[in-house]
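Asks: Turn this into a structure:
(2 chains)
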Amino acid sequence: MSDFPTDVKYVATHEWARMEEDGSVTVGITDHAQNALGDVVYVELPELDQNVVAGEEAGVVESVKAASDVYAPITGRVVAVNETLEDEPERVNQDPFGDGWFFKLSPEDPGEIEDLLDAEAYQESCEDEEH
Amino acid sequence: MTKQTALYDQHVEHNGKMVDFAGWMMPVNYGSQIAEHTAVRTRVGMFDVSHMTVIDVQGENALPFLQRVVANDCGKLVMWQTLYGALLNEQGGVIDDLTVYRLPEGYRCVVNAATRDKVLAWFDQQSLANMSFEEKDLGIIALQGPAALDTLQAHFPVTGIEGAKHFTAVRPQGERGNWLIGRTGYTGEDGVEIILPPEDAVQVWATFLAAGVQPVGLGARDTLRLEAGLNLYGQDLDEQTSPLASRIGWTVAWEPGERNFIGRDAIEAERGANTEKLTGLVMRDKGVLRHGQIVLTRDGEGIITSGTFSPTMGCSIALARVPRAAKGVCRVDIRGKHKEAKIVQPPFVRNGKILVDQAK
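Replies: Now for the predicted structure:
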């Protein structure tokens, strides 16, 4: 069974976003997503200072099985990328909400994150997908 | 309506993630595809391949029929021997690849699951008088890896299997006389493929599982076969492409010259003159090569037919159809970016060892 922690927000395309104390927003893919992908072997991250737009492609995650786009949950500027994933992409499987984060954004509109799905709504959307 | 093999309940019970593969609900993995892959390379793993189609061909004209539909020559088979070959259409494209066993009662063909209907229709269309063919409802368990033979012998000892050569089969004596154990596989490791009644397959699977044998899903089956440089029908082989451009030219038996197998006329002109070849790629950049990506070589463009991440090599590998003269460094278009790869001669991995140069 997948984890759906309640301290992050979600989008139906299986990314999560967490507002940090410094005002930045950390982004990764969900436990449900990493379960579905299987062993992650490569992650393509956005460039530092790149502007990303909510709902548009910001990276790619590849498992042994398939390549899958990663979408920006909100609009903003990339202020950090998780370089560890370059050599240890398996961290996405091991700790999707922690060490396996993808990038951090400086949000254009700090309020935008509030419009994303909460854990319960995201879990329901995953269940709908399966049926 | 999807079909299930006799082992379906055991897959589900063992957390197999079930997917629809050619109309069959099959396990893609049981947790970690990489762990399953490594188990086969280093020790032993087992695969349920009961979805594959078993067709027995019998009668006086069984051999003349097979000598007409199979591009390899079934006439060279001695008793209990097995061969790998292709069924060609009149244009020389590949309808399917298959193995053929010679048995005392006739011949046994094992063809793919996805091609079942068209192969049965083709056999029907090409069949001769004084022969019959029949699809059999049988289970197939592939036991593969350096410890495969020891594992088999510890639980279901079979006289003669250890001395049996690669591509020969053994039929056990006594109560297991309706099993057929072939020294074949699709992984590049030593092992056997056990063809047996479905109810026996249930018991054999349970016994191996209790003995700690790792069950292996379709995901690792694909990475293992690709590392071993073995083709997958529908990706590396298809009806539009000649076997001579698919690295299986060695399975086309030109001698005896009077054997007029279907497709011979079409591919004979191409013999030694094919403009394309199927070869291997090793990725030198990060990223993963995938089916359909374009390959840019100094001699022109090619296409990746199968690509994946190689768990044994820790980088991406692929089979690609490229201009025949192409060699050395090439580039692959991955989502608009040109990444560097190197053309190499498959297999990439056999018997647990990396066979290609990975130097950057």
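
Asks: From now on I want contacts and neighbour counts done on CA atoms only, so please keep to that.
Replies: Fine.

Asks: Can you show me the helices along chain A?
Replies: Per DSSP state H, chain A carries helices over the ranges A:31-37, A:84-87, A:91-94, A:119-130.

Asks: who touches the third one?
Replies: Contacting residues not belonging to helix A:91-94 are listed as A:29, A:31, A:34-35, A:38-40, A:85, A:99-101 [C-alpha atoms under 8 Å, 6 or more residues apart in numbering or on different chains].

Asks: Surely residue B:56 is in contact with residue B:135?
Replies: Yes. Under the criterion of C-alpha atoms under 8 Å, residue B:56 makes contact with residue B:135 at 6.4 Å.

Asks: Between the two, which is the more surrounded one?
Replies: residue B:56 (20 against 15; other C-alpha atoms under 10 Å in any protein chain shown).

Asks: Residue of the stretch 101-250 of chain B nearest chain A, please.
Replies: residue B:219 (6.8 Å; C-alpha to the nearest C-alpha).

Asks: Who's the closest spatial neighbour of residue B:282, skipping the chain neighbours?
Replies: The spatially closest residue to residue B:282, leaving aside those adjacent along the chain, is residue B:317, at 4.6 Å (C-alpha to C-alpha, 6 or more residues apart in numbering or on different chains).

Asks: Which neighbouring elements make contact with the helix or strand hosting the one you found?
Replies: Counting by DSSP states H and E, the element that carries residue B:317 is strand B:315-323. With contacts defined as 3 or more C-alpha pairs under 8 Å, 6 or more residues apart in numbering or on different chains; DSSP states H and E, strand B:315-323 has these neighbours: helix B:218-227, strand B:276-283, strand B:294-297, strand B:300-310.

Asks: now for the following helix or strand past that strand, which elements pack on it?
Replies: Of the helices and strands lying after strand B:315-323 in sequence (DSSP H and E), the nearest is strand B:328-334. In terms of contacts (3+ C-alpha pairs under 8 Å, 6+ apart), strand B:328-334 is packed against strand B:294-297, strand B:337-344.

Asks: so which of those gets nearest residue B:235?
Replies: Counting by C-alpha to C-alpha, residue B:235 lies closest to strand B:294-297 out of the helices and strands packed on strand B:328-334; the figure is 14.4 Å.

Asks: And for the closest one, what's in contact with it?
Replies: B:301-304, B:320, B:322, B:326-327, B:329-334.

Asks: Which single one of those residues is nearest to residue B:231?
Replies: Once C-alpha to C-alpha is applied, the member of the contacts of strand B:294-297 that ends up nearest residue B:231 is residue B:320, at 10.8 Å.

Asks: Just give me the neighbour total for the closest one.
Replies: Neighbours of residue B:320 (other C-alpha under 10 Å): 28.

Asks: So in terms of bridging, what pairs with it?
Replies: residue B:279, residue B:304 (DSSP bridges).

Asks: so what's it up against?
Replies: Going by C-alpha under 8 Å, 6+ apart, the list of residues near residue B:320 reads B:278-281, B:295, B:302-306.

Asks: Just the buried ones out of those, please.
Replies: B:278-281, B:295, B:302-306 (16 or more other C-alpha atoms under 10 Å in any protein chain shown).

Asks: would TSV of the contacts of helix A:91-94 with distance to chain B and neighbour count be doable?
Replies: Output for the contacts of helix A:91-94, formatted as TSV (distance: C-alpha to the nearest C-alpha, whole Å; neighbours: other C-alpha atoms under 10 Å in any protein chain shown):
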residue	distance to chain B	neighbour count
A:29	18	24
A:31	14	23
A:34	11	21
A:35	9	17
A:38	7	22
A:39	7	24
A:40	10	25
A:85	12	21
A:99	19	16
A:100	17	22
A:101	19	23
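
Asks: from the residues you listed, which is closest to residue A:67?
Replies: Distances from residue A:67 to the contacts of helix A:91-94, taken by C-alpha to C-alpha, are shortest for residue A:40, at 9.5 Å.

Asks: Contacts only, for the closest residue to that closest one other than its chain neighbours.
Replies: In space, and not counting its chain neighbours, residue A:40 is closest to residue A:63: 3.9 Å by C-alpha to C-alpha, 6+ apart. For residue A:63, the contacting residues are A:37-42, by C-alpha under 8 Å, 6+ apart.

Asks: same thing with residue B:169?
Replies: Counted by C-alpha under 8 Å, 6+ apart, residue B:169 has contacts B:80-82, B:101, B:161, B:180-183.
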